[in-house]
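Student: Sharing a model that was predicted from the sequence below.
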Amino acid sequence: MPKLIRKTLAEISARPVSTAEQVRLRDLAQRPDAALDLTDPTEISDADLRRGHARVIPHGGAREGAGRKPSGRRPITLRLKPALLRTLRAQARREGKTVSEIAESRLLSA
């Protein structure tokens, strides 16, 4: 199966055009419109897919292995007094930890 190569428009635009491509583009520009084949491409059959001559590239949906890895922790919501929250945040800043880590250590030591 051929390898799928993806490039951005900026990458394609920055690439220099080869001499052969310049000749082909010049030839296309000189042809009359009636000589250009502007028809839609033929439909891809099931047989083409089975033989590997074409493939369907799915779009959307979750990709395997994508997203944040599970940490084993559960989110909760607490209502704290503003003074306690300031204290937790200050301690977390001093120790280079998260507020969750500080709160967890305080809960375990209580």
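Tutor: Thanks, I have it. Residues are numbered from 1 along each chain as shown.
Student: where do the helices sit along this structure?
Tutor: 9-14, 19-30, 46-51, 82-95, 99-109 (DSSP state H).
Student: Now tabulate those in CSV and tack on mean neighbour count, mean pLDDT and distance to Thr39.
Tutor: Where C-beta positions appear, they are placed from N, C-alpha and C, glycine not excepted. Output for those, formatted as CSV (neighbours: other CB atoms under 10 Å; pLDDT from 0 to 100; distance: least, CB to CB, whole Å):
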stretch, mean neighbour count, mean pLDDT, distance to Thr39
helix 9-14, 8, 82, 25
helix 19-30, 10, 90, 16
helix 46-51, 10, 83, 18
helix 82-95, 12, 96, 65
helix 99-109, 13, 94, 61
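Student: Which one, of those, ends up nearest to Ile57?
Tutor: Ranking these by distance to Ile57, with CB to CB as the measure, places helix 46-51 first at 11.9 Å.
Student: Would you mind listing the outside residues contacting the closest one?
Tutor: 54-56 (CB atoms under 8 Å, 6 or more residues apart in numbering).
Student: Check those against Gln91 and report the nearest one.
Tutor: So of those, ranked by how close each gets to Gln91 (CB to CB), first place is Val56, at 54.3 Å.
Student: excluding its backbone neighbours, what's nearest the closest one?
Tutor: With sequence-adjacent residues excluded and distances taken as CB to CB, 6 or more residues apart in numbering, Val56 is closest to Leu49, at 6.9 Å.
Student: can you check Glu101 too?
Tutor: Once flanking residues are discounted, Glu101 sits nearest to Ala92: 7.0 Å by CB to CB, 6+ apart.
Student: wait, doesn't the one you found sit right on Ile102?
Tutor: Yes: with contact defined as CB atoms under 8 Å, Ala92 counts as touching Ile102 (4.7 Å).
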